[in-house]
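# Following is a predicted model, sequence given first.
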Amino acid sequence: MRQTTRTLASLWWTSLLLIGLPTALVRLAGSPLPTHPPTRDEWAAWLQQPLTRATLVDGAALLAWAMWAALLAVVLASAYRWIARLCHHLPDIRLPGPLQSLSAAMLGTVAVSTSVAAASPPPGPECADAATAPGRQRGPTPPHRHRQARRHAVGYRRRVVG
């Protein structure tokens, strides 16, 4: 019973501070955001007399808004910690074995195929010129050229990675 009373009192005071303090600040000091950027004349007047009564009141209101923002951050962090602790006690949901391995294989395939597609450079303009050059016959590439191209690509990868 004492714990429930203590919890309800804590919630009441916290809600009063989180809702009542900004309401009172808006009524008494106005919004913390300016309605317009200061003009050159306003800056000059402030530089002539920086410590007027209005400046001190606005500074105190700004300090109160900063304290309210800190209180809000503490309350949100505490609520997050409480929810995380609550969720920690929930059971883990695991996929059945075959479904888990299938989803892992699909994710791996997507990851590898997108990284390979992103890593391959687009064909340069010299490839298009060589293919459309007059007098050049387009035909199947001999097999030994495929091997040379593969060796070159593998050697290039080794130099970059290693």
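That came in fine, so what should we check first?
# helix or strand for Arg81, which one?
helix 53-88 (DSSP states H and E).
# buried residues in the next helix or strand after that helix?
Following helix 53-88 in sequence order, the next helix or strand is helix 97-119 (DSSP H and E). Within helix 97-119, no residue is scored as buried using 16 or more other CB atoms under 10 Å. No exception for glycine: its C-beta is placed from N, CA and C like everyone else's.
# Send me helix 97-119 as PDB with only the CA atoms.
Taking Å, rounded to 0.1, in the frame of the first residue of the first chain, the C-alpha atoms of helix 97-119 are listed here in PDB:
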ATOM      1  CA  GLY A  97      15.200 -23.900 -37.800                       C
ATOM      2  CA  PRO A  98      14.400 -24.300 -41.500                       C
ATOM      3  CA  LEU A  99      12.800 -20.900 -41.700                       C
ATOM      4  CA  GLN A 100      15.600 -19.200 -39.900                       C
ATOM      5  CA  SER A 101      18.200 -20.700 -42.200                       C
ATOM      6  CA  LEU A 102      16.100 -19.700 -45.300                       C
ATOM      7  CA  SER A 103      15.800 -16.100 -44.100                       C
ATOM      8  CA  ALA A 104      19.600 -16.000 -43.400                       C
ATOM      9  CA  ALA A 105      20.300 -17.300 -46.900                       C
ATOM     10  CA  MET A 106      18.000 -14.800 -48.500                       C
ATOM     11  CA  LEU A 107      19.500 -11.900 -46.500                       C
ATOM     12  CA  GLY A 108      23.000 -13.000 -47.400                       C
ATOM     13  CA  THR A 109      22.100 -13.300 -51.100                       C
ATOM     14  CA  VAL A 110      20.600  -9.800 -51.100                       C
ATOM     15  CA  ALA A 111      23.600  -8.400 -49.200                       C
ATOM     16  CA  VAL A 112      26.200  -9.900 -51.600                       C
ATOM     17  CA  SER A 113      24.300  -9.200 -54.800                       C
ATOM     18  CA  THR A 114      23.800  -5.500 -53.900                       C
ATOM     19  CA  SER A 115      27.400  -5.000 -52.800                       C
ATOM     20  CA  VAL A 116      28.700  -6.700 -56.000                       C
ATOM     21  CA  ALA A 117      26.400  -4.600 -58.200                       C
ATOM     22  CA  ALA A 118      27.400  -1.400 -56.400                       C
ATOM     23  CA  ALA A 119      31.100  -2.300 -56.600                       C
END
